[in-house]
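A.B. asks: Sequence and computational prediction follow.
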There are 2 protein chains.
Amino acid sequence: MSEDTTVTAAMLAIGDELLSGRTKDKNIGHLADMLTLAGIDLREVRIVADDEADIAAALNALRDRYDYVFTSGGIGPTHDDITADAIGKAFGLPVIHDEKAMRLLGDMYARRGIEFNEARQRMARMPEGSRHIDNPVSTAPGFVIGNVYVMAGVPNIFQAMLDGVLPQLRSGTRMQSRSVPCPFGEGDIGEPLAAIQRANPDTIIGSYPKFNGQSYSTDIVIRAREVDVLDRVETAVREMVARVAAGKK
Amino acid sequence: MSEDTTVTAAMLAIGDELLSGRTKDKNIGHLADMLTLAGIDLREVRIVADDEADIAAALNALRDRYDYVFTSGGIGPTHDDITADAIGKAFGLPVIHDEKAMRLLGDMYARRGIEFNEARQRMARMPEGSRHIDNPVSTAPGFVIGNVYVMAGVPNIFQAMLDGVLPQLRSGTRMQSRSVPCPFGEGDIGEPLAAIQRANPDTIIGSYPKFNGQSYSTDIVIRAREVDVLDRVETAVREMVARVAAGKK
């Protein structure tokens, strides 16, 4: 078997509206799902306001630490869309009206008979040297600079951009998971489950309590990159649950 | 009128399951809504994994910068519930089995005829000197240490704990908002709206595009702490929208 590789990522969601509660983020959960499927570990998420210094500081912290950073929001035509400027600042790069983006947007507005005014031209701005991320929904592109993928905040556009980006990424050995249902609460299985985790440091074992209004039960989730490790630990967890059940009789 | 005060907050959501996509966070949006109502500005959110060093580092960054920090997750009875230890580490405080929490939990399990075992006793652990946050749902308390409020990740428990906490917080002059519907897309109003924002630095003006499948429209949201400022800027925005409409005839 080839050597395991780990590829890490972070997300930076940008926008006052996420912090005021006006908009409920839908992109974090979607990115988490898609990266898990792609074998990329999402390790950290930050949500920051439309503030250039805050965006740049968070971006620099994340891009140094993780293989990929994905951003959402702040690339529209209005004054509060400052993501391109903040990212230019973080990279120390000038932000320009990208020639290819100007052409794409100019053509699209010309076809629709709409003025390609200064506000709309803002959507062509990106740090010098960026590559485009296609926007099949509404034309205005996202961009890639270094290891940072800058995408729209509107969920259907974010998702469409991400679909285009994912095949370009280096992906790791996919983390696989097994779920073992357990009819007892965490308090009943906490100690033996911890013992299994200690004995199997090459897995990540999580337990997720559920309450049906009457009693607690638990989903035990085992995550690992190797199938034989998963098999071994799943067996240990199922035997442990059976022992706890026997002890309750 | 009394002087405006600003009270700031951050949230730290803790849990591998949020980053793998297994669980979709519901607490961030709820906290955002409740803090906005309370006149407290949520300025930053971070989501980190069940990793002691990562939790402690994020917590120290946030608690130095904001008036309040609210955490969710990682205070249950299993081995992956390490929030109390990580917070103890961040504060340089020993983590103890809190006497009052041991009594509360011990009494509850005794009433139910359930063994108060080592795993369940984990839920009584908190940094020395912490105050309790009541848990009316399932007894195991959250805790407050310094400016950090440590709460459960299960949404109905997080919400119940927050309901108990909010009346204890210092609240700022409440940010108020006005929403002006605009039948045009952001590209049409971007420039005049930016001019209004520049002329009114004591407001935060956001614009939120909507697409009905045929055409774009925009919600323009003006936020300020003073009613007369809101009145003035709302009038300016409505006049601007009317001018744009007249220009399209």
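C.D. replies: Thanks, I have the structure now.
A.B. asks: Find the centremost residue of chain A, please.
C.D. replies: The centre of chain A sits closest to A:L31, judged by C-alpha atoms, centre = their mean, with a distance of 3.6 Å.
A.B. asks: would you list every one of the helices in chain A?
C.D. replies: A:16-20, A:27-38, A:52-65, A:83-91, A:99-112, A:118-121, A:155-165, A:186-199, A:227-248 (DSSP state H).
A.B. asks: What sits closest to A:V148 if chain neighbours are left out?
C.D. replies: A:V69 (4.7 Å; C-beta to C-beta, 6 or more residues apart in numbering or on different chains). Quick note: C-beta positions are derived from backbone N, CA and C, even for glycine.
A.B. asks: Any idea what the one you found is bridged to?
C.D. replies: A:A10, A:V148 (DSSP bridges).
A.B. asks: Including distance to chain B, could the helices of chain A go into a markdown table?
C.D. replies: Shown next, in a markdown table, are those (distance: least, C-beta to the nearest C-beta, whole Å):
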| stretch | distance to chain B |
| --- | --- |
| helix A:16-20 | 5 |
| helix A:27-38 | 3 |
| helix A:52-65 | 7 |
| helix A:83-91 | 13 |
| helix A:99-112 | 8 |
| helix A:118-121 | 3 |
| helix A:155-165 | 9 |
| helix A:186-199 | 3 |
| helix A:227-248 | 10 |
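A.B. asks: Serialize the ones you listed to JSON lines and add fields for distance to A:G206 and mean pLDDT.
C.D. replies: Shown next, in JSON lines, are these (distance: least, C-beta to C-beta, whole Å; pLDDT from 0 to 100):
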{"stretch": "helix A:16-20", "distance to A:G206": "26", "mean pLDDT": "95"}
{"stretch": "helix A:27-38", "distance to A:G206": "13", "mean pLDDT": "94"}
{"stretch": "helix A:52-65", "distance to A:G206": "23", "mean pLDDT": "98"}
{"stretch": "helix A:83-91", "distance to A:G206": "33", "mean pLDDT": "98"}
{"stretch": "helix A:99-112", "distance to A:G206": "43", "mean pLDDT": "96"}
{"stretch": "helix A:118-121", "distance to A:G206": "46", "mean pLDDT": "95"}
{"stretch": "helix A:155-165", "distance to A:G206": "25", "mean pLDDT": "94"}
{"stretch": "helix A:186-199", "distance to A:G206": "9", "mean pLDDT": "94"}
{"stretch": "helix A:227-248", "distance to A:G206": "11", "mean pLDDT": "95"}
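A.B. asks: care to break chain A down by domain?
C.D. replies: A:8-168, A:176-248 (automatic domain parsing).
A.B. asks: now for the helices of chain A, which one comes closest to A:T139?
C.D. replies: helix A:99-112 (4.7 Å; C-beta to C-beta).
A.B. asks: could you dump stretch A:194-202 to CSV, C-alpha only?
C.D. replies: Extracted in CSV, the C-alpha atoms of stretch A:194-202 (Å, rounded to 0.1, in the frame of the first residue of the first chain):
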residue,chain,number,x,y,z
ALA,A,194,-11.5,5.9,25.9
ALA,A,195,-9.5,2.7,26.4
ILE,A,196,-10.1,1.7,22.8
GLN,A,197,-9.0,5.1,21.6
ARG,A,198,-5.8,4.9,23.7
ALA,A,199,-5.0,1.5,22.2
ASN,A,200,-5.6,2.7,18.7
PRO,A,201,-3.9,6.1,18.2
ASP,A,202,-4.1,5.7,14.3
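A.B. asks: Flag every buried residue along that stretch.
C.D. replies: Under the neighbour-count criterion of 16 or more other C-beta atoms under 10 Å in any protein chain shown, stretch A:194-202 has A:194, A:196-197, A:200 buried.
A.B. asks: From B:M108, how far off is the spatially closest residue to A:D188 that is not a sequence neighbour?
C.D. replies: The shortest distance from A:D188 to any residue other than its chain neighbours is 5.6 Å, reached at A:V244 (C-beta to C-beta, 6+ apart). Remark: distance between A:V244 and B:M108 (C-beta to C-beta, to the nearest Å) = 20 Å.
A.B. asks: Next: A:A86.
C.D. replies: 49 Å.
A.B. asks: Same drill for these two, tell me which one is more crowded.
C.D. replies: More crowded of A:A86 and B:M108, by other C-beta atoms under 10 Å in any protein chain shown: A:A86, with 26 against 15.
A.B. asks: thought the more buried one was touching A:L59?
C.D. replies: Yes - A:A86 lies in contact with A:L59 (C-beta atoms under 8 Å); the separation is 7.1 Å.
A.B. asks: So for the residue lying closest to A:A9 once chain neighbours are set aside, what's the pLDDT?
C.D. replies: Of all residues not flanking A:A9 in the chain, A:Y68 sits nearest, at 4.3 Å (C-beta to C-beta, 6+ apart). Per-residue pLDDT puts A:Y68 at 98.
A.B. asks: show me what contacts A:Y68?
C.D. replies: A:7-10, A:40, A:147-149, A:169 (C-beta atoms under 8 Å, 6 or more residues apart in numbering or on different chains).
A.B. asks: Switch those over to a markdown table; also include distance to B:G213.
C.D. replies: Output for the contacts of A:Y68, formatted as a markdown table (distance: C-beta to C-beta, whole Å):
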| residue | distance to B:G213 |
| --- | --- |
| A:V7 | 37 |
| A:T8 | 38 |
| A:A9 | 32 |
| A:A10 | 33 |
| A:I40 | 33 |
| A:N147 | 35 |
| A:V148 | 31 |
| A:Y149 | 27 |
| A:L169 | 31 |
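A.B. asks: Buried among those? Need that as a selection in PyMOL.
C.D. replies: Paste this into PyMOL to select the buried members of the contacts of A:Y68, with burial taken from 16+ other C-beta under 10 Å:
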select buried, chain A and resi 7+8+9+10+40+147+148+149+169
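A.B. asks: got the contacts of A:Y68 as a markdown table, with pLDDT columns?
C.D. replies: Formatted as a markdown table, the contacts of A:Y68 follow (pLDDT from 0 to 100):
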| residue | pLDDT |
| --- | --- |
| A:V7 | 95 |
| A:T8 | 97 |
| A:A9 | 98 |
| A:A10 | 98 |
| A:I40 | 95 |
| A:N147 | 98 |
| A:V148 | 98 |
| A:Y149 | 98 |
| A:L169 | 95 |
